[in-house]
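J.: coordinates for the following, if possible.
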Amino acid sequence: MILIFVADEKAPRLLYIFNEILLKRLGITYTLTDSYDYFSRSKMPKINYSTTIFENCINIPANTLLFEENIKKISLSVEKNSRFEYSFFNQKLDADKFIEPPKQHLPFDIFSASFYLLSRYEEHMNPSFDMHNRYKVEESLAYKNGFLRIPLVDIWALELGKIINNEYNEIQFLLSNYNELNTFDIDFAYKYKGLSRYRFYKKALGNFFRFNFKELKKQFNKTIKDEYDTYDFIFESLGNKPSLFFFLLAEIESTHDKNLLPESSEYQNLIQQIASKFPVGIHPSYHASSSKKILFTEKTELEKISNTIINTSRFHFLKFKLPYSYNHLVENNILQDYSMAYANKIGFRASTCKGFQFFNLIENKTQNLEIFSPCVMDVTLKNTEKLTPNEANLAIENIKTEIKKVGGNFISIWHNSNLTDTPEWEPWQVVWLKMVNLI
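T.: Just a heads-up that it's a prediction; the model follows:
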């Protein structure tokens, strides 16, 4: 147990980030006080989190961010740091009353900086969105300053644990174990199998008018295995490895939702087959991120088909807007979400490789939704990062190495429709197999 001096013991942001950094990442319990007299007399291990330096304790500078309730424009200067990699909210504690000031243990407000990243504060400050109404990675502090591919919050937490242990040997911090989780988005269950008559012949006409007769022959030859039916390969690769499958269940086909419709018997059989082997979650459709009603309908449909309670999600196209999309998840009893990633860059959108609670900045409170951050995706590696398979292997290994240092979770996103034998994707089967440690 460590005693922390703060200006406000009940500030929601402060309690949130202390729980995330001290309790969840370090396993260190704490108690708070706003009484300087009590704090100075206490013989407990102590942290001073204020603007003035104190004796006989760990001194960490406090910005005003955690004691505020509004959202405002913040201009931050990021500095490289030999111990903490990068830092911002850098400030010096007031030490005017001392001839020889006590030690300031951190050069920056680690708690405000961590809160800024985990709460996705920057995504609320007049953000810039792409054509799909997604927050642009190019606007993020991590991308602009070169720390997108490291779990900076977890690095900070680990260094804080070392500082606490160095000052107070009786306080031991805990480092969680490294884990890997393979996740799949089923955006196109099959290429032709299970399509309605209308969609089947629409695709046939498209192949005909493009003079793609080879594909047309394949479409009508029922003895040929459907191109996107890569499930046997996936199941064999996964074995008993922790895995999650997310199903797109849009009720109406649209430009961005082209999976089989929920009433398709082939799709229902596939969902039931996978649900008997692995945990499954909802892949809210393109428009469900802005509609609580659509999300409810799709979640209910998946529960009916899979005969399981659905409390896990990942938004289709990684399309969500804070805090509104997450509010819809909470209202639909979703407990875990795996959407916290960028579609066009690999790395850590929230600068962490560990699960964290959703903090609603509009309502200024913690909500019952745990967020997990995938750090690599097949289409991102190939199409937007434009890596070769060998370069992708190296990028994956480098990210895994960073995660292992802090005992975090390596979470990947793959698609059944991208593990095919086509010339375009066949080389990426090797990337997949290497990633899951089979070669």
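J.: tell me where the stretch 1-150 of the chain has helices.
T.: 12-18, 26, 36-41, 110-118, 141-145 (DSSP state H, counting those that start in this stretch).
J.: can you count the residues close to the residue found closest to Leu260 once you drop the neighbours it is linked to in the chain?
T.: Excluding the flanking residues, the one nearest Leu260 by C-beta to C-beta, 6 or more residues apart in numbering is Tyr267, at 3.9 Å. C-beta: built from backbone N, CA, C; applies to glycine. Here the count is done by other C-beta atoms under 10 Å, and Tyr267 has 22 residues near it.
J.: give the contact list for Tyr267.
T.: Contact partners of Tyr267, counting by C-beta atoms under 8 Å, 6 or more residues apart in numbering, are Ala189, Gly194, Asn259, Leu260, Leu261.
J.: next: Ile163.
T.: Ile58, His105, Leu106.
J.: could you export the residues you listed as JSON lines, including neighbour count, distance to Asn177 and pLDDT?
T.: Formatted as JSON lines, the contacts of Ile163 follow (neighbours: other C-beta atoms under 10 Å; distance: C-beta to C-beta, whole Å; pLDDT from 0 to 100):
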{"residue": "Ile58", "neighbour count": "23", "distance to Asn177": "27", "pLDDT": "95"}
{"residue": "His105", "neighbour count": "19", "distance to Asn177": "28", "pLDDT": "90"}
{"residue": "Leu106", "neighbour count": "23", "distance to Asn177": "27", "pLDDT": "92"}
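J.: closest to Val430 among the residues you listed?
T.: Nearest to Val430 among the contacts of Ile163, counting by C-beta to C-beta, is Leu106 at 43.9 Å.
J.: buried stuff in stretch 280-296?
T.: 280-290, 292, 294-295 (16 or more other C-beta atoms under 10 Å).
J.: quick one: which helix or strand includes the residue nearest to His256 when sequence neighbours are not counted?
T.: Nearest residue to His256 in three dimensions, chain neighbours excluded: Tyr286, at 3.9 Å (C-beta to C-beta, 6+ apart). If you go by DSSP states H and E, Tyr286 is not part of any helix or strand.
J.: thinking again about what came up before, for Asn240, find the nearest of the helices of the stretch 1-150 of the chain.
T.: Closest among the helices of the stretch 1-150 of the chain, using C-beta to C-beta: helix 26, at 30.6 Å.
J.: so what does the closest one touch, helix or strand wise?
T.: The elements that helix 26 packs onto, with contact taken as 3 or more C-beta pairs under 8 Å, 6 or more residues apart in numbering; DSSP states H and E, are helix 152-167.
J.: identify each buried residue in the helix it packs on, please.
T.: Those would be 152-161, 163-165, 167, for helix 152-167 by 16+ other C-beta under 10 Å.
J.: now those residues in a markdown table, with pLDDT and distance to Phe111?
T.: Formatted as a markdown table, the entries for these read as follows, by pLDDT from 0 to 100; distance: C-beta to C-beta, whole Å:
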| residue | pLDDT | distance to Phe111 |
| --- | --- | --- |
| Leu152 | 98 | 14 |
| Val153 | 98 | 11 |
| Asp154 | 98 | 14 |
| Ile155 | 98 | 15 |
| Trp156 | 98 | 9 |
| Ala157 | 98 | 10 |
| Leu158 | 97 | 15 |
| Glu159 | 97 | 13 |
| Leu160 | 97 | 9 |
| Gly161 | 97 | 14 |
| Ile163 | 96 | 13 |
| Ile164 | 96 | 13 |
| Asn165 | 96 | 18 |
| Glu167 | 95 | 17 |
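J.: columns distance to Asp229 on top of those, output as TSV?
T.: Output for the buried residues of helix 152-167, formatted as TSV (distance: C-beta to C-beta, whole Å):
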residue	distance to Asp229
Leu152	41
Val153	40
Asp154	38
Ile155	42
Trp156	45
Ala157	43
Leu158	44
Glu159	48
Leu160	49
Gly161	48
Ile163	53
Ile164	53
Asn165	53
Glu167	59
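J.: what's the closest of these to Lys80?
T.: Leu152 (11.8 Å).
J.: and the contacts of stretch 85-95?
T.: Contacts for stretch 85-95 (C-beta under 8 Å, 6+ apart): 50-53, 59, 61, 63, 65, 76-81, 101-102, 104, 107-109, 112-113, 116, 141, 145-147, 150, 152, 155.
J.: bridging residues for Ile2?
T.: Tyr30 (DSSP bridges).
J.: that one and Ser42: what is the separation?
T.: 10 Å (C-beta to C-beta, to the nearest Å).
J.: swap in Glu298?
T.: 53 Å.
J.: ok, Glu9 next?
T.: Distance from Glu9 to Ser42, by C-beta to C-beta: 15 Å.
J.: with Ala392 instead?
T.: 53 Å.
J.: and those two? which has more neighbours close in?
T.: It is Ala392, of Ala392 and Ser42, that has more neighbours when counted by other C-beta under 10 Å, with 24 against 16.
J.: which residue packs closest to that one, ignoring adjacent ones?
T.: That would be Leu381: by C-beta to C-beta, 6+ apart, it lies 4.4 Å from Ala392.
J.: what's the one you found in contact with, if anything?
T.: Leu381 is in contact with Ile346, Leu387, Ala392, Ala395, Ile396, Val431, counting by C-beta under 8 Å, 6+ apart.
J.: top of those residues by neighbour count?
T.: Counting by other C-beta under 10 Å, top hit in those: Val431 with 26 neighbours.
J.: helix, strand or coil for Phe182?
T.: If you look again at residue 182, you'll see it is Asn, not Phe. strand (DSSP: H, G, I helix; E, B strand; the rest coil).
J.: tally up the residues packed near it, please.
T.: A count of neighbours around Asn182, defined by other C-beta under 10 Å, yields 21.
J.: so which one among the contacts of Tyr267 has the lowest pLDDT?
T.: Minimum pLDDT for the contacts of Tyr267 is recorded at Gly194 (76).
J.: burial of Lys193, as a residue count?
T.: 18.
J.: that one reaches Asn269, doesn't it?
T.: No - Lys193 is beyond contact range of Asn269, at 10.5 Å (criterion: C-beta atoms under 8 Å).
J.: secondary structure element for Phe235, which one?
T.: Counting by DSSP H and E, Phe235 is found in helix 231-238.
J.: for that helix, the distance to its chain's centre please.
T.: Centre-to-centre, helix 231-238 and its host chain are 25 Å apart (C-alpha atoms, centre = their mean, to the nearest Å).
J.: contacting residues around that helix?
T.: 182, 184, 270, 273-274, 277-278, 416, 419, 429, 432-433, 436, 438.
J.: now do stretch 291-301
T.: Outside stretch 291-301, the residues touching it (C-beta under 8 Å, 6+ apart) are 249-251, 262, 282, 284-285, 287-289, 310, 313, 327-329, 331-332, 334.
J.: so of those residues, which ones are in helices?
T.: Asn327, His328, Leu329, Glu331 (DSSP state H).
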